[in-house]
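> just the structure for this:
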Amino acid sequence: MSRRPSRPVRVVASALAAGALLTTAACSDDGAGSGSRASEASASPLARQQPTYSPSPTLTEAGAQAALITEADIEDDWTQVKDTTAENWHDSLLIGTVDVSDFLTAKADAADCQRLLDSLFDDDLLGRPSGASALRGFEEGDSRLLYQVASYDRTDPQDSLDWMASLPQKCDRFTANDNGEQRTVQVVETSLPDVGDAREGLLVTVQGTVDDTPATLTLNVAAVRVGADAITVTAGGLDGDEDDSVKEALENGTQRLEDVRAGKTPAASPS
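Next comes the predicted model:
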């Protein structure tokens, strides 16, 4: 993908040190045995070192970081990049003003198509998170995969999923212009694994030029809601779509998020 200086992006959630939590409950006739066992347990070095997460449905910064996928979750030859690199990924082919003349009978749809382009460029497909968030990026050749976990506890991610579901009809095919350069954009619905509480997938292609050479940007875009939290994945590039990798990321990543929400530590690698 071609690059351009980034717009402001969300601050990447940093991993927080997770403390140990150990509770014991026991009863004895005189009460002395109970107190002794509790004291020994709380003093255990293993108990202090074992990371755990609150079972509360409110996602924490540490939980969002723990829910991110790893290279093992998407196989192939993906290589993880630094978070500071991934947060600055923006493709110039996504910059442009939607041509309203393409929407003669439904001009309001042009605003939705503009929102799609802008949100893909800014990496906020579901809107800005209202709670904790974290992201991780991977590279494979000229393709990139950006994976994000975020909490929308004060907004409704389902509204954004419903908006995504409407785009293949509203934005089936349209043009966008950037400084006299015209680009053709097509939006198609894709199928996703049956994970989470709700999900939507899109295949977005943008035909334009890069360094005066015709080029086609192909992006697989997907989002999965788990309660008030959500996963978003954007993958692809000038080499074509990354449908299989996106599905693997969602299958393994949703399980990681569900584990974190249940107060469990996600497995080191997929089973």
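
> where does the stretch 101-250 of the chain dip in pLDDT?
The stretch 101-250 of the chain contains no residues with pLDDT under 70.

> how about the strands in it?
Remark: strands assigned in the stretch 101-250 of the chain by DSSP state E, counting those that start in this stretch are 133-140, 143-151, 173-178, 181-189, 198-210, 213-226, 229-237.

> okay if I get those as JSON lines plus mean neighbour count?
The way it works is simple: take the backbone N, C-alpha and C, and place the C-beta from them, glycine included. Shown next, in JSON lines, are these (neighbours: other C-beta atoms under 10 Å):
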{"stretch": "strand 133-140", "mean neighbour count": "22"}
{"stretch": "strand 143-151", "mean neighbour count": "25"}
{"stretch": "strand 173-178", "mean neighbour count": "17"}
{"stretch": "strand 181-189", "mean neighbour count": "17"}
{"stretch": "strand 198-210", "mean neighbour count": "19"}
{"stretch": "strand 213-226", "mean neighbour count": "20"}
{"stretch": "strand 229-237", "mean neighbour count": "26"}
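
> TSV for the ones you listed, including distance to Thr265?
Formatted as TSV, these follow (distance: least, C-beta to C-beta, whole Å):
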stretch	distance to Thr265
strand 133-140	16
strand 143-151	15
strand 173-178	44
strand 181-189	35
strand 198-210	25
strand 213-226	17
strand 229-237	17
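
> Trp163 is nearest to which of the ones you listed?
Nearest to Trp163 among the strands of the stretch 101-250 of the chain is strand 198-210; the distance by C-beta to C-beta comes to 8.8 Å.

> just checking: what are the partner strands of that closest one?
Sheet pairing of strand 198-210 (DSSP bridges) gives strand 181-189 (antiparallel), strand 213-226 (antiparallel).

> same list (those) but as a markdown table, adding distance to Ala67.
Below are the strands paired with strand 198-210 laid out as a markdown table (distance: least, C-beta to C-beta, whole Å):
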| stretch | distance to Ala67 |
| --- | --- |
| strand 181-189 | 26 |
| strand 213-226 | 9 |
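
> relative to the whole chain's centre, how far out is the biggest helix by length in the chain?
In the chain, assigned by DSSP state H, the helix with the most residues is helix 243-261. When distances are taken as C-alpha atoms, centre = their mean, to the nearest Å, helix 243-261 is centred 10 Å away from the chain's centroid.

> got a list of contacts for that helix?
53, 55, 57, 59, 63-64, 66-69, 73-76, 78, 140, 145, 147, 149, 190, 192-193, 195-196, 199, 201, 203, 220, 222, 224, 226-227, 229, 231, 233, 235, 265-267, 270 (C-beta atoms under 8 Å, 6 or more residues apart in numbering).

> alpha carbons of it, as CSV, please.
Presented in CSV, the C-alpha positions along helix 243-261 are these (Å, rounded to 0.1, in the frame of the first residue of the first chain):
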residue,chain,number,x,y,z
ASP,A,243,-10.2,-13.5,3.2
ASP,A,244,-8.8,-16.6,4.8
SER,A,245,-6.5,-14.7,7.2
VAL,A,246,-9.4,-12.5,8.3
LYS,A,247,-11.6,-15.5,9.1
GLU,A,248,-8.8,-17.1,11.1
ALA,A,249,-8.2,-13.8,13.0
LEU,A,250,-11.9,-13.6,13.9
GLU,A,251,-12.3,-17.2,14.9
ASN,A,252,-9.2,-17.1,17.2
GLY,A,253,-9.5,-13.5,18.3
THR,A,254,-13.2,-13.8,19.3
GLN,A,255,-12.3,-16.7,21.6
ARG,A,256,-9.5,-14.6,23.1
LEU,A,257,-11.9,-11.7,23.8
GLU,A,258,-14.5,-14.0,25.3
ASP,A,259,-11.8,-15.5,27.6
VAL,A,260,-10.8,-12.0,28.8
ARG,A,261,-14.4,-11.0,29.4
